[in-house]
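*Asks:* Sharing a model prediction with you, sequence too.
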Amino acid sequence: MRELLRTTDPTIIAFASALLQGEGIDCFPMDVHMSVLEGSLGVLPRRLMVANEDHGRAERILSENRIDLGR
């Protein structure tokens with residue numbers, strides 16, 4: 001798996017996941033339960049992972065939809 005997106009905004013993770021799943025790309029959000037450690041402040045970024053072979057296509061899909069990849 002390879003990191004596709006890193007953000008502190010949970011709505012971007014949800015939107016990006018919906019876009020990718022709509023295109024048949026499996027994705028896996030990571031660090032979603034880190035809010036327990038940070039006290040729900042939203043300062044720790046969450047990551048969205050995709051399979052290595054889907055990474056290039058997934059980047060294009062998010063770029064076409066104007067989603068900043070957080071790099």
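*Replies:* Yes, it's here.
*Asks:* mind checking the longest helix of this protein?
*Replies:* helix 10-22 (DSSP state H).
*Asks:* Three-state assignment for residue 69, please.
*Replies:* Here residue 69 is coil, with the state taken from DSSP: H, G, I helix; E, B strand; the rest coil.
*Asks:* contacting residues around it?
*Replies:* Residues in contact with residue 69 (Cβ atoms under 8 Å, 6 or more residues apart in numbering) are 4, 5, 6, 59, 62, 63. Placement of C-beta: from N, CA and C, glycine included.
*Asks:* let's see 7 Å
*Replies:* Contacts were defined as Cβ atoms under 7 Å, 6 or more residues apart in numbering; by that measure residue 69 touches 4, 5, 59, 62.
*Asks:* Please, which helix or strand holds residue 60?
*Replies:* In the assignment (DSSP states H and E), residue 60 maps to helix 55-64.
*Asks:* now the angle from that helix to helix 10-22?
*Replies:* Inter-element angle recorded for helix 55-64 and helix 10-22: 120 degrees (by axes from the mean of the first three to the mean of the last three Cα atoms, to 10 degrees).
*Asks:* which strands and helices sit next to helix 55-64?
*Replies:* Applying 3 or more Cβ pairs under 7 Å, 6 or more residues apart in numbering; DSSP states H and E, one finds that helix 55-64 contacts strand 2-7, helix 10-22.
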